[in-house]
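>>> Fold the following.
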Amino acid sequence: MPLIAARQSPRSLIAAMVEVVAPQPGETICDPSCGTGGFLLAAHDHIAKHHQLDRDQKKQLKSGTFHGIELVDSVTRLCAMNLLLHGIGDGGSGVSPLDATTANNASDEKGGVSGEGNHKRQDAASTFDLPVITKDALAGKHGEYEIVLANPPFGKKSSVTIVNDAGESSKESLVINRDDFWASTSNKQLNFLQHIFTILKMHGRAAVVLPDNVLFEGGAGETIRRELLKQADVHTLLRLPTGIFYAQGVKANVLFFDRKPAQEKPWTRKLWIYDLRTNMHFTLKENPLKREHLDDFVACYFGGTNVDVRSTSRHERQETERFKAFDYEEPDQARQDQPRHLLAQRRVPRRIRQPPRSRRDRPRHHGRPASRSPTVRHHRGGFEGMSAYGDAAVDAARLCQKQGLDPVAAWTRAVEKHLPTEEGRKKSCPKSTFLGLCEEGLIKEVPAGSYTRSKLNKGYALRALQLLNAHPALASSSGDLWRKVMAGEPKKPNGQMEVVIALWSAGMGEAR
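Prediction:
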């Protein structure tokens, strides 16, 4: 059975998501991966607190507003109990609500299950109005709603375990094929993203927690992102800090979008990104994420800085240090010599590039171990999929600054954290790139010295740093930056540019 706590959303995050989505009386609200019902309870409390409800509205809030779908039967029971204790759900037959939760519409997908117990459970479901059922949400549409709030289960691939006659078990990828999906994939987050779009009513609003890989994964991911940008107004992205989920090291975001009717041009015009990750450090116990940490995001979301942020409009937003706007640009309007993926853009003017349509055009992130998915990092020019060497370089620089470590020792410690293999830790090009910048005194608060013998990689790093300061848009593609550095020389990169971009993006690299 999956661990509930692995993806449990912090209450402070749930409260902020509900507050900016601002559910209204009479709107239907769904969580297709509801767990124990955190989003549904928060939405219920928000409506009850911010609106004076008449008798009919109170009745509808109790029964007919909230809809939860959960895959695990025991978790559904916990959710049903949680909701019923808070006055959500209604029944008048005396049937146990726990029996009702197990009437999970299995017959809709598997042709029905015979037996007296099964008929009893289905009768219970028909007489006891519960807002949550046990069902595989991805199996098909289960209605349409004005609002969808969700934190789908983390885990990149869906799979099934097959046991043969000899008792040997093996796992096979489970690809979801649905006519209403844009692409078929075994990636659970991408499938939930597609599913959430399909169950939104026209002009419906969604807020979804998604890991970083959804923003940059190729293949089906590119197709899904392109269609989402076209058919929905993807207006806001909240970059979450690490340390707020029970699954350690999870890098996630909250994506806010509205479904729109079909039209020729994409509905997404501008994406606003709030960076709550840079220089923000949280833990589950010692330094947990609190609601006040999200006050600035809520204020920025509505375009106001006053307490009563709901009196202002999100269409009157203003940029701040953490809140930036990125204009969307269609592929046929984009210059072909510029990097192209979902969030790559030029600083002046700012724009979001669509993902490439073919594998040949896709930006390549050299130096990254094949098993690692790129992460998303904010920099002065936008966002970039960084390799493990970039993360190691930033950590090494911080070790030098905060603990006074020698750059060589700092690099050794950093790669032990970020590189899973001994071969990756011993790679010399990224190391000499970092040490070359330290040697020249170009890393803030790290004294110059003699740290490396590789003059070649140091030269590449110095040239790259100069180019980044002169042309910030190059930070959106390590491949483009490498080609500029090499000036036509046919030589393959080996992680050098990821190191330079990461340090420059973190504000640690300085060019003379």
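>>> my guess is residue 178 contacts residue 140, does it?
Yes - shown here, residue 178 and residue 140 form a contact pair, counting by Cβ atoms under 8 Å, at 7.0 Å. All C-beta spots, glycine's among them, are computed from the backbone N, C-alpha and C.
>>> which helices and strands does the helix or strand where residue 480 lies pack with?
Using DSSP states H and E, residue 480 sits within helix 478-486. In terms of contacts (3 or more Cβ pairs under 8 Å, 6 or more residues apart in numbering; DSSP states H and E), helix 478-486 is packed against helix 455-470, helix 496-505.
>>> and of those helices, who's closest to residue 228?
helix 496-505 (25.7 Å; Cβ to Cβ).
>>> Does anything pack onto the closest one? Which helices or strands?
strand 375-379, strand 382-386, helix 388-403, helix 428-439, helix 455-470, helix 478-486.
>>> Pull out the buried positions in that helix.
Within helix 496-505, the residues scored as buried using 16 or more other Cβ atoms under 10 Å are 496, 497, 498, 499, 500, 501, 502, 503, 504, 505.
>>> And the pLDDT at the fourth one?
This points to residue 499. At residue 499, the predicted lDDT confidence score is 91.
>>> From residue 443, how far off is it?
For residue 499, the distance to residue 443 equals 11 Å [Cβ to Cβ, to the nearest Å].
>>> And for the fifth one?
The span separating residue 500 from residue 443 equals 11 Å under the rule Cβ to Cβ.
>>> what does the longest strand seen in the chain contact?
Ranked by residue count under DSSP state E, the longest strand found in the chain is strand 200-211. Strand 200-211 is contacted from outside by 9, 13, 17, 20-21, 28, 144-152, 154, 189, 192-193, 196-197, 240, 250-261, using Cβ atoms under 8 Å, 6 or more residues apart in numbering.
>>> Show me what the helix or strand just after that strand is packed up against.
Per DSSP H and E, the first helix or strand lying C-terminal to strand 200-211 is helix 213-216. In terms of contacts (3+ Cβ pairs under 8 Å, 6+ apart), helix 213-216 is packed against helix 188-198, helix 220-231.
>>> How far away from the center of its chain is the shortest one?
Between the centre of helix 188-198 and the centre of its host chain there is 13 Å, according to Cα atoms, centre = their mean, to the nearest Å.
>>> Identify the residues contacting it?
32-33, 137-138, 141, 148, 150, 152-158, 176, 178, 180-183, 185, 206, 208, 210-211, 213-214, 217, 220-221, 224, 228, 231-232, 255, 259.
>>> go on, stretch 39-58?
With Cβ under 8 Å, 6+ apart as the criterion, stretch 39-58 contacts 9, 11, 14-15, 17-19, 22-26, 29, 31, 34, 61, 65-66, 68, 79, 82-83, 86, 88, 131-132, 147, 149-151.
>>> Just the buried ones among the residues you listed, please.
Buried by 16+ other Cβ under 10 Å: 9, 14-15, 17-19, 22-23, 25, 29, 31, 34, 61, 65-66, 68, 79, 82-83, 88, 131-132, 147, 149-151, out of these.
>>> can you dump the C-alpha coordinates of stretch 235-243 into CSV?
Output in CSV follows, covering the C-alpha atoms of stretch 235-243 (Å, rounded to 0.1, in the frame of the first residue of the first chain):
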residue,chain,number,x,y,z
HIS,A,235,-1.0,32.0,-15.7
THR,A,236,0.9,31.2,-12.5
LEU,A,237,3.7,28.9,-11.3
LEU,A,238,4.8,28.8,-7.6
ARG,A,239,8.2,27.2,-7.2
LEU,A,240,8.2,25.4,-3.9
PRO,A,241,11.2,25.0,-1.6
THR,A,242,12.6,21.7,-0.7
GLY,A,243,12.1,20.1,2.7
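>>> so where do the strands sit in the stretch 51-200 of the chain?
With DSSP state E, counting those that start in this stretch, the ranges of strands along the stretch 51-200 of the chain come out as 66-70, 90-91, 128-129, 132-134, 145-150, 159-163, 169-173, 200-211.
>>> now do the stretch 251-400 of the chain
Using DSSP E, counting those that start in this stretch, strands in the stretch 251-400 of the chain cover 252-259, 270-275, 323-329, 352-353, 375-379, 382-386.
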